[in-house]
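Student: I'll drop the sequence and a predicted model, then ask my questions.
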Amino acid sequence: MILVVQWNGKGLTQGTAELLGGARQLAGDGPVAVAVLGPGAREAAAEAGAYGARAYAADGDLESYGGEAYVATLAAACQSLQPQVVLLPADPRGREVAPRLAARLGGAAVTDVIEARRDGDRIVWSRPVFGGKAVADVVLKKSPQVATVRPGSFPAAEKAGSSPAEVEDLPVSGTDRPLRRVEVRVADEGGVRLEEARVIVSGGRGLGGPEPFKDLEELARLLGGAVGASLAAVDEGWAPPERQVGQTGKIVAPDLYIAIGISGASQHLAGIAGAKTVVAINKDPEAPIFEVARLGVPMEYQKVLPHLIEEVRKLKAG
Ligand SMILES: Cc1cc2nc3c(=O)[nH]c(=O)nc-3n(C[C@H](O)[C@H](O)[C@H](O)COP(=O)(O)OP(=O)(O)OC[C@H]3O[C@@H](n4cnc5c(N)ncnc54)[C@H](O)[C@@H]3O)c2cc1C
């Protein structure tokens, strides 16, 4: 069995549909299952039926107990379900849980997977290394194989129907530890979430100040996308930290990534390795961003951006 995990219970997410797509590829004719952990998990898990997957739910407040509740609950589930592979989202929770879960089950973990394929009995997991400059193929020698998968790595599974799955309950464990959450502060991301955006318009230090980010927002709005930023722009206070793209920010995989005034440092590129098309506007024709850009505009952005916005506006109107 291949077990796909989702952390919260508000319906099955796009990310889970992608993990299900990957699970289906790797499972061949074998069974695929979804486990949803958190409040509302039962309802969300039932949607797995539409994908022909089995459904499990640990419906309860795990978040208050930190990573331990997720690890303990999943470990107990894996001990009874015996999956060969567990797929987790490559988000902060997934990065925390994957190695701990693998260690507890005597398995092995691989993080930040961007591709996976069957090679006979083995699964070959591909993950970026050296800040995205190279890709390593990894074969895990212990089972279960626990992998965190970056968004956009697999095409989302198609729904085969709409009938809800029978949901089996998983007991919630790990809530008897001394760690308790005292407060939650939710960052107001407003609009489209970076991780789910199909289009991202990102700005860097080359914008020269916070004002031009309003134009980036306008372009992103017209394209139905989200605004991103380099670490330099975030450090300057021109964009909030939750907008940072890169090695220490968000890992994104949009269809279109427009980088404006961003040099293309390896730490930034590490966050956009999964972008399908990169467009760069940068006044320095030698900027490394052009090495990954399919379309490059080696000009000052002030001379390009207003026209770009105007053209998109016309196209949308016409
Ligand atoms: C451990 C570590 C982790 C890091 N993590 C991240 C991360 O997650 N994300 C990240 O982004 N960075 C990260 N960095 C920082 C990274 O190394 C770079 O410093 C940063 O990405 C640079 O941001 P930038 O491209 O906006 O700025 P710069 O490198 O200063 O580039 C600005 C660019 O704008 C261009 N420009 C200037 N004026 C104009 C104009 N008028 N029109 C058009 N172009 C113009 C310039 O030619 C230049 O190429 C990390 C660094 C370290 C050491």
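Tutor: Nice, I can see it.
Student: Which parts of this structure are helices?
Tutor: Counting by DSSP state H, the chain has helices at residues 14-27, 41-46, 67-81, 92-105, 212-222, 231-235, 266-269, 289-292, 301-317.
Student: Pull the residues that contact stretch 213-224.
Tutor: Residues outside stretch 213-224 that contact it (C-beta atoms under 8 Å, 6 or more residues apart in numbering) are 191-192, 198-203, 207, 226-227, 229, 233, 238-239, 256, 258, 260, 305-306, 308-309, 312-313, 316. Backbone N, C-alpha and C define where each C-beta goes, glycine included.
Student: and with 10 Å instead?
Tutor: Applying C-beta atoms under 10 Å, 6 or more residues apart in numbering, the contact partners of stretch 213-224 are 190-192, 197-203, 207, 225-229, 233, 238-239, 243, 256, 258, 260-261, 301-302, 305-306, 308-309, 311-313, 315-316.
Student: Tell me the buried residues in it?
Tutor: 213, 215-223 (16 or more other C-beta atoms under 10 Å).
Student: just stretch 79-90 next, same as before
Tutor: 81, 83, 85-90.
Student: hmm, back to that, present the buried residues of stretch 213-224 as JSON lines; the columns should include distance to the ligand.
Tutor: Shown next, in JSON lines, are the buried residues of stretch 213-224 (distance: C-beta to the nearest ligand atom, whole Å):
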{"residue": "Phe213", "distance to the ligand": "12"}
{"residue": "Asp215", "distance to the ligand": "12"}
{"residue": "Leu216", "distance to the ligand": "12"}
{"residue": "Glu217", "distance to the ligand": "17"}
{"residue": "Glu218", "distance to the ligand": "17"}
{"residue": "Leu219", "distance to the ligand": "15"}
{"residue": "Ala220", "distance to the ligand": "17"}
{"residue": "Arg221", "distance to the ligand": "21"}
{"residue": "Leu222", "distance to the ligand": "20"}
{"residue": "Leu223", "distance to the ligand": "19"}
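Student: a markdown table please, covering these and showing distance to Leu62.
Tutor: Listed next are the buried residues of stretch 213-224 as a markdown table, based on distance: C-beta to C-beta, whole Å:
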| residue | distance to Leu62 |
| --- | --- |
| Phe213 | 36 |
| Asp215 | 42 |
| Leu216 | 37 |
| Glu217 | 35 |
| Glu218 | 40 |
| Leu219 | 39 |
| Ala220 | 34 |
| Arg221 | 36 |
| Leu222 | 39 |
| Leu223 | 36 |
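Student: Run through the residues of the stretch 201-318 of the chain sitting next to the ligand.
Tutor: Neighbours of the ligand within the stretch 201-318 of the chain, by C-beta under 6 Å from any ligand atom: 204-206, 230-233, 244-249, 261-263, 265, 267-268, 271, 281-284, 287, 300-302.
Student: Select only the buried ones of those residues in ChimeraX?
Tutor: To isolate the buried ones among those in ChimeraX, judged by 16+ other C-beta under 10 Å, type:
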select :204,205,206,230,231,232,233,244,245,246,247,249,261,262,263,265,268,271,281,282,287,301
